[in-house]
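Next input, structure requested:
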Amino acid sequence: MASASDARSLVELRLLDGPNLYFPRPAAKVTLDLGELLGLEVAAARDLGVELGLGSTRPGAAGSVFRQRFAIRLVTQIVRRLASAGGATRLAVRTRTGQAVNGLVVAYPWRNAGRAEGLAYGLARVLDRVTAGPRAVAEMIIVEGAALAAAPLGSAPELIRPQIPVVAITGTNGKTTTARMIGHIARQAGRLVGWSSTDGVYIDGRLVEAGDFSGPSGAGRVLRHPGVELAVTETARGGILRRGVGVAYNDVSVVTNISADHLGLGGIDTLDQLAEVKAVITKITKPSGWCVLNADDPRTLAMRLGTKAQIWVFTRDPNSPGGRTVLSGGGRITTLLGGWVCVLAPGADPLQVVEVIDVPMTLAGLSRVNVENVLAVTSATLALGFSVEQVADGLRSFDPNENNPGRMNIWTLPVPSGAISVVIDLAHNEAGLEALLEIMSGIRPPHGRLLLGVGTAGDRGDEVFVRLGEIAALGADVVEIVNKGEYLRGRSMAEISGLITEGAAHAGMTIQQAHDSELGGLVSLVDQARREDVIAIMTHQDREELDRWLLDHQATRDDAGALRTKVLRAAATP
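Numbers count the residues shown, from 1 in each chain. Have a look, this model is predicted:
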């Protein structure tokens, strides 16, 4: 074959090692520039279609969306002809249009890297010849098909077929918390558990490798570790898009929710597209396994229609329409009844698991988001076969400050006028910030103020930062910006601060200070705090520094009793 460098129409080639957006098995993702094909005169495009066996066609005007649809049919035909010449008797081909009319993604399953790559480059070189006329294109297909047939097979996909139970967790918010809680319950029950998340890879509760391992590499590290009896894998959008899911199947999948985050990246521009990506883990759940889905999130609930697994939903509302639908179809619901976490199953009385107020992670039932996480965790662990007693014991013993660092960690900090509360939380998007403000308000004493350090990583659209500023200004009394220098991701601190400030101005607030670190924001807000105030910092990079600073200034982590006292005191406020 000719060299890969002369394939002008090829924009990008990715060999996805695991189940992905296009197929429930390894697939090649080929991104193409169809500019030359879209630029052909109508007659030339029609003749090309006839030559390649499309029959009577209506190619549409050059550069139009109609021409784009014609091009999809033509490219699919070329792929299949090349694959057939290379020895593939049947090849599934799927296509997606790009953001621009000349962009196209072509995907097909692969077993051998050499042949998969050869097909992609051969396709691009055929497309490079479309201006030479139909006959030249047909001849090029013959040449590239012969070259593909002679190409070396190459390596096979690095796809793990687990020999132990696997739980795969995805969603916009709550993934890491859910993974940690499932891992904790399993460890308390005596299992050797490995789990991977945005914080790192943990084996039996010990961090063995720090970093973001919410992709296939994290799953691989857990499953290859000797002695692990249960794998809990956090599965993020980016990993699915870049490499696919790291395992061929799972026993339980959990989808927490779908909300706006990282839209505009990787060709994912809408919530429906985001949901389609995250649904990949439900499609590879074993038929004998369970998909645990949020009954109150329509995009999540709809995933039940694309899986062969059994359906188990969670909802705070026992009369949720989504829950009723699943129950009538033979599935299960985990919900709240009379202050208890309960499971409803067809033809059975409610199964009481644990009182919500006894689960520290719910902050005495205050945290709506964490109540939902607890319901999801209860569903997943019962689906894995743990007993009600094991699940209840694990939920009661999971301390949010000790077992869930960086997520809704609440401290009591002495200040000259008395004591204040400090909340440290990831809260990396709009939904996370709204949940954080809910917690702040839920523990605020009668005369306390809310002081907030707001900021997130730079790989969000402008509108996200503006919206964060609006939410912060509407919910807090004092707002300052806490930048994350290690997570600017192509933006400047000034740019991010300007967008957040713009959003706050929409809500009538002028932000006075922007800090180049989370710690700088904490120190500034503490200096302004007075007795009974509540401070919160949206953390991403400085959590350990924040914890050290708080300990150095005689702060104490709130245990379950202290949290309950704060919640009850705030609830009694006239």
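
Ends of stretch 201-208, what's the gap?
6 Å (Cα to Cα, to the nearest Å).

from the middle of its chain, how far away would that stretch be?
21 Å (Cα atoms, centre = their mean, to the nearest Å).

which helix is the longest one in this protein?
helix 65-85 (DSSP state H).

May I have that one as PDB, with CA atoms only?
Output of helix 65-85 as PDB, limited to C-alpha atoms (Å, rounded to 0.1, in the frame of the first residue of the first chain):
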ATOM      1  CA  VAL A  65     -26.800  18.600   3.400                       C
ATOM      2  CA  PHE A  66     -28.500  16.500   0.700                       C
ATOM      3  CA  ARG A  67     -25.100  15.900  -0.800                       C
ATOM      4  CA  GLN A  68     -23.900  14.900   2.600                       C
ATOM      5  CA  ARG A  69     -26.500  12.200   2.900                       C
ATOM      6  CA  PHE A  70     -25.600  10.900  -0.600                       C
ATOM      7  CA  ALA A  71     -22.000  10.900   0.500                       C
ATOM      8  CA  ILE A  72     -22.800   8.700   3.500                       C
ATOM      9  CA  ARG A  73     -24.300   6.000   1.200                       C
ATOM     10  CA  LEU A  74     -21.400   6.200  -1.100                       C
ATOM     11  CA  VAL A  75     -18.800   6.000   1.600                       C
ATOM     12  CA  THR A  76     -20.500   3.000   3.200                       C
ATOM     13  CA  GLN A  77     -20.500   1.300  -0.200                       C
ATOM     14  CA  ILE A  78     -16.800   1.900  -0.600                       C
ATOM     15  CA  VAL A  79     -16.000   0.600   2.900                       C
ATOM     16  CA  ARG A  80     -17.900  -2.600   2.200                       C
ATOM     17  CA  ARG A  81     -16.200  -3.100  -1.200                       C
ATOM     18  CA  LEU A  82     -12.800  -2.600   0.300                       C
ATOM     19  CA  ALA A  83     -13.500  -4.900   3.200                       C
ATOM     20  CA  SER A  84     -14.800  -7.600   0.900                       C
ATOM     21  CA  ALA A  85     -11.700  -7.400  -1.200                       C
END
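
Strands of the stretch 101-250 of the chain, start to end?
103-109, 166-170, 193-197, 200-203, 206-210, 230-234, 250-255 (DSSP state E, counting those that start in this stretch).

could you pull out the helices for the stretch 1-150 of the chain?
Listed in chain order, the helices of the stretch 1-150 of the chain (DSSP state H, counting those that start in this stretch) span 35-38, 42-51, 65-85, 113-127, 134-150.

Pick the most buried one from these.
helix 113-127 (a mean of 23; mean count of other Cβ atoms under 10 Å). For glycine as for every other residue, the C-beta is placed from the backbone atoms N, C-alpha and C.

can you give me the angle it makes with helix 134-150?
Angle, helix 113-127 to helix 134-150, by axes from the mean of the first three to the mean of the last three Cα atoms, to 10 degrees: 170 degrees.

Can you name every helix or strand that helix 113-127 contacts?
Judged by 3 or more Cβ pairs under 8 Å, 6 or more residues apart in numbering; DSSP states H and E, the packing partners of helix 113-127 are strand 10-16, strand 27-33, helix 65-85, strand 103-109, helix 134-150.

again, 7 Å this time
If you count contacts as 3 or more Cβ pairs under 7 Å, 6 or more residues apart in numbering; DSSP states H and E, helix 113-127 packs onto strand 10-16, strand 27-33, helix 65-85, helix 134-150.

which other residues reach whatever helix or strand N373 lives in?
Taking DSSP states H and E as the definition, one finds N373 inside helix 368-383. With contact meaning Cβ atoms under 7 Å, 6 or more residues apart in numbering, helix 368-383 is reached by 167, 173-174, 177-178, 181-182, 185, 252, 254, 256, 290, 292, 312, 314, 316, 334-335, 341, 343, 353, 356, 359, 361-363, 365, 391, 395, 408, 435, 438.

Filter these down to just the buried residues.
167, 173-174, 177-178, 181-182, 185, 252, 254, 256, 290, 292, 312, 314, 316, 334-335, 341, 343, 353, 356, 359, 361-363, 365, 391, 395, 408, 435 (16 or more other Cβ atoms under 10 Å).

Tell me, how many residues neighbour G238?
16 (other Cβ atoms under 10 Å).

Distance check, it against A107.
Distance of G238 to A107, given as Cβ to Cβ, to the nearest Å: 18 Å.

one step back: tell me the angle of the longest helix of the chain relative to strand 103-109?
Going by the same axes, to 10 degrees, helix 65-85 makes 30 degrees with strand 103-109.

residues in contact with the nearest residue to L207 once chain neighbours are set aside?
Distance criterion Cβ to Cβ, 6 or more residues apart in numbering; nearest residue to L207, sequence neighbours excluded, is G200 at 5.1 Å. Residues in contact with G200 (Cβ under 7 Å, 6+ apart) are 207, 209-211, 213.

Out of those, who's the most crowded?
For these, neighbours were counted using other Cβ under 10 Å, and F213 has the most, 26 neighbours in all.

Show me the shaky parts of this protein.
For the chain, the stretches flagged by pLDDT under 70 are 1-5, 260-268, 573-574.

Determine which of the helices of the stretch 1-150 of the chain approaches A476 most closely.
Relative to A476, the nearest member of the helices of the stretch 1-150 of the chain by Cβ to Cβ is helix 65-85, separated by 45.8 Å.

Give me the most central residue, the protein.
The residue lying closest to the centre of the chain (Cα atoms, centre = their mean) is A236, at 3.6 Å.

Excluding chain neighbours, what is closest to that one?
Nearest residue to A236 in three dimensions, chain neighbours excluded: S214, at 3.9 Å (Cβ to Cβ, 6+ apart).

Verify the stated contact: that neighbour with V232.
No. Counting by Cβ atoms under 7 Å, S214 sits too far from V232 to count as a contact (11.6 Å).

Of those two, give the one with the bigger neighbour count.
Neighbour totals were compared for S214 and V232, and V232 leads with 30 against 26 (other Cβ under 10 Å).

bridging residues for the more buried one?
V167, W195 (DSSP bridges).

beta partners of the residue nearest to L207?
S197, A210.

Spell out which residues sit in contact with R125, please.
Going by Cβ under 7 Å, 6+ apart, the list of residues near R125 reads 2, 6-7, 140, 144.

Perfect, I'm done here.
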